[in-house]
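> this one's sequence-less:
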């Protein structure tokens, strides 16, 4: 599975403003490939959006647990948003399968739902 990771931190947590934290970050970054391999993760991209205190990663892993362990390689406090994503070709294949399945079962692609009318019980 592919996962898009957005990592954000504050200016107060940014290693760029602390020599010791920067040294820790560099040391951790040097182990990134080995940690990814240990966890069975393929890193497609890690991109930093400095000076906005944000980074983005696209990784491939069998499960989100490995991704959760991977992000803790970075030795400073960050917020993480992990979103499963897929290639557009996979999305199109899924859409085609849904259309074919619904057609085979004689169902409309987009079912029509009848919503009950709201009835006012207030007397005037």
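Yep, that arrived. Everything numeric in this text was worked out from a predicted model, so none of it was measured. Residues are numbered from 1 along each chain as shown.

> and the residue lying closest to residue 25 once chain neighbours are set aside, what is it in contact with?
Leaving aside its sequence neighbours, residue 25 sits nearest to residue 15 (C-beta to C-beta, 6 or more residues apart in numbering; 4.2 Å). Where you see a C-beta, it was placed from the backbone N, CA and C, and this is true even at glycine. Neighbour list for residue 15: 21, 22, 24, 25, 75, 76 [criterion: C-beta atoms under 8 Å, 6 or more residues apart in numbering].

> please spell out the PyMOL selection for the buried subset of those.
Of the contacts of residue 15, the buried ones go into a single PyMOL selection, burial set by 16 or more other C-beta atoms under 10 Å:
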select buried, resi 25
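
> reformat the contacts of residue 15 as CSV; add distance to residue 96.
Putting the contacts of residue 15 into CSV (distance: C-beta to C-beta, whole Å) gives the following:
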residue, distance to residue 96
21, 49
22, 49
24, 48
25, 45
75, 45
76, 44
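
> so which residues of the chain form helices?
Counting by DSSP state H, the chain has these helices, from start to end: 19-30, 32-39, 64-71, 88-104.

> circling back: give me the pLDDT value at the residue nearest to residue 25.
Model confidence at residue 15, expressed as pLDDT, equals 91.

> low-confidence ranges in this structure?
113-124 (pLDDT under 70).

> okay, which residue is most central for it?
Central residue of the chain (C-alpha atoms, centre = their mean): residue 83, 2.1 Å from the mean position.

> any idea what it is bridged to?
residue 4 (DSSP bridges).
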